[in-house]
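Student: need coordinates for the below:
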Amino acid sequence: MPGGRLTQQERQRIAAGLADSLAYAEIARRLDRPTSTITREVMRNGGPTAYRADLAHRATERRARRRTITASPGSGPLPRPHEPDDAVTEYAETLTTVLMASGLPTMAARILTCLFTTDAGSLTAAELTRRLQVSPASVSKAITFLDGQSLVRRERGDGRRERYVVDDDLFYQATIASTRANDQLVAVARRGVALLGADTPAAARLENIARFLDFISESITRAAEQARDILRTAR
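Tutor: Predicted coordinates:
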């Protein structure tokens, strides 16, 4: 039924659809499910290239067991100290899925979700390791990626511990870094124009690419600076 949990048989059909290179919308249509359900299921469980029906089903069962609250007769639910409630957990999973769909690797998306949803906006490697229940090496690799994309900032905390920070300038910094990558492509395209000869079709194609990216970069940079100034004024 469309509103219930995915069954193991449905997950097997999802895996078969992915193997056949079907779009999420087509898989959803065949299962009579919303496309968002299929997208979230796949991205939560390794993405389209790593999705495995049996592993996804077991992972869902584990999550369900963690959310089950055992109550004694005549009493309310037992407290679960230091654990987020179900709504927060559900939101974190949704945010992680969206970040993955935007192109982030799974661990990088999970780390960003942790940082976004903490009041401090910063965590140490040890804190991330405990929260995500992963190895320090996994955290280190993902942080290196995020740092390279200007999506986190490193700071020295108490003692020698390094903290990873997301702040109000996060998306401004990431946007500017993206336009710089565009600028490099513009420069390389224009070198190709000079090399191939300005009167050739290939050179004309490269020049059009350079002009397009020039315009996009300038527009994005201007919009990012305006948005940053507006947000700073509103504080």
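
Student: could you use CA atoms for every contact and neighbour count after this?
Tutor: Fine.

Student: gap between Thr175 and Val139?
Tutor: 23 Å (CA to CA, to the nearest Å).

Student: find the nearest non-adjacent residue to Ala92, please.
Tutor: Once flanking residues are discounted, Ala92 sits nearest to Thr113: 6.3 Å by CA to CA, 6 or more residues apart in numbering.

Student: remind me what the helix or strand containing the one you found packs against, helices and strands.
Tutor: Using DSSP states H and E, Thr113 maps to helix 106-116. Judged by 3 or more CA pairs under 8 Å, 6 or more residues apart in numbering; DSSP states H and E, the packing partners of helix 106-116 are helix 86-101, helix 125-132, helix 136-148.

Student: give me that answer again for 7 Å
Tutor: In terms of contacts (3 or more CA pairs under 7 Å, 6 or more residues apart in numbering; DSSP states H and E), helix 106-116 is packed against helix 86-101, helix 136-148.

Student: angle of the last one against helix 125-132?
Tutor: With axes from the mean of the first three to the mean of the last three CA atoms, to 10 degrees defining the directions, helix 136-148 sits at 110 degrees from helix 125-132.

Student: model confidence over helix 136-148, on average?
Tutor: Averaging pLDDT along helix 136-148 yields 93.

Student: now do that helix: everything it contacts.
Tutor: With contacts defined as CA atoms under 7 Å, 6 or more residues apart in numbering, helix 136-148 is touched by Met107, Ala108, Ala125, Thr129, Val152, Arg153.

Student: what of the longest one?
Tutor: The contact list for helix 86-101 (CA under 7 Å, 6+ apart) reads Arg40, Met43, Arg44, Arg67, Thr106, Ala109, Arg110, Thr113.

Student: 8 Å instead?
Tutor: Arg40, Met43, Arg44, Arg67, Thr106, Ala109, Arg110, Leu112, Thr113, Cys114, Thr117 (CA atoms under 8 Å, 6 or more residues apart in numbering).

Student: likewise stretch 189-204?
Tutor: So stretch 189-204 is contacted by Leu206, Glu207, Ile209, Ala210 (CA under 8 Å, 6+ apart).

Student: so which helix or strand of the chain has the lowest pLDDT on average?
Tutor: Lowest mean confidence among the helices and strands of the chain (mean pLDDT, DSSP states H and E): helix 53-67, at a mean of 76.

Student: so how far is Cys114 from the residue positioned nearest the centre of the chain?
Tutor: Centroid-nearest residue in the chain: Leu99, 2.2 Å away (criterion: CA atoms, centre = their mean). As judged by CA to CA, Leu99 and Cys114 stand 12 Å apart.

Student: same deal with Gly17?
Tutor: Gly17 is 32 Å from Cys114, by CA to CA.

Student: then Val88?
Tutor: 11 Å.

Student: same check on Gly46?
Tutor: Gly46 is 18 Å from Cys114, by CA to CA.

Student: look at those two and report which has more neighbours.
Tutor: Using other CA atoms under 10 Å, the more surrounded residue of Gly46 and Cys114 is Cys114, with 20 against 16.
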